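Student: Below is the sequence, then the predicted model.
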Amino acid sequence: MNLITITIIISRLAGLAFHRTHLLSALLCLEGIILSLFIALFSAAPVLLLAFSACEASAGLALLVASARTHGTDRLQSLNLLQC
């Protein structure tokens, strides 16, 4: 990995640390981390990584829509994940 990809990964991790209030922004930061890892590991293995990240993004978006419909918001502090 070169310096640019390490910088991108660190900036996405910092974005994840600062944007934890909304679920959608946290998922976007995680997707940025996955894409920067895809750029860093450009070989045959990242094709699998890209496929898994697409599945992760679709599952995360489905969970976001489901929680926004039931709770009315996507703010993480208003969601009680232990309650059914």
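Tutor: Arrived safely. Residues are numbered from 1 along each chain as shown.

Student: buried residues in stretch 58-67?
Tutor: G60, L64, S67 (16 or more other Cβ atoms under 10 Å). Backbone N, C-alpha and C define where each C-beta goes, glycine included.

Student: Would you mind giving the secondary structure of R20?
Tutor: Following DSSP: H, G, I helix; E, B strand; the rest coil, we place R20 in the coil state.

Student: Quick check: the nearest residue to it once chain neighbours are set aside vs L3, distance?
Tutor: If the residues on either side of it in the chain are set aside, R20 comes closest to A26, at 5.8 Å by Cβ to Cβ, 6 or more residues apart in numbering. Separation of A26 from L3 (Cβ to Cβ, to the nearest Å) stands at 26 Å.

Student: These two: which has the busier surroundings?
Tutor: For the pair A26 and L3, the greater number of neighbours falls to A26 (19 against 7), based on other Cβ atoms under 10 Å.

Student: so that one makes contact with L13?
Tutor: No. The pair A26 / L13 is not scored as a contact, 11.5 Å apart, by Cβ atoms under 8 Å.

Student: burial of R69, as a residue count?
Tutor: Residues near R69, counting by other Cβ under 10 Å, number 8.

Student: ah, wrong one, I meant C55
Tutor: 10.

Student: what helix or strand is it on?
Tutor: Per DSSP states H and E: C55 is located in helix 45-71.

Student: Check which helix or strand the spatially most central residue of the chain maps to.
Tutor: Against the mean C-alpha coordinate of the chain, by Cα atoms, centre = their mean, the closest residue is L30 at 2.5 Å. Using DSSP H and E, L30 maps to helix 23-40.

Student: Can you mark which positions in that helix are buried?
Tutor: Neighbour-count burial for helix 23-40, with 16+ other Cβ under 10 Å as criterion, is recorded at 23, 25-38.
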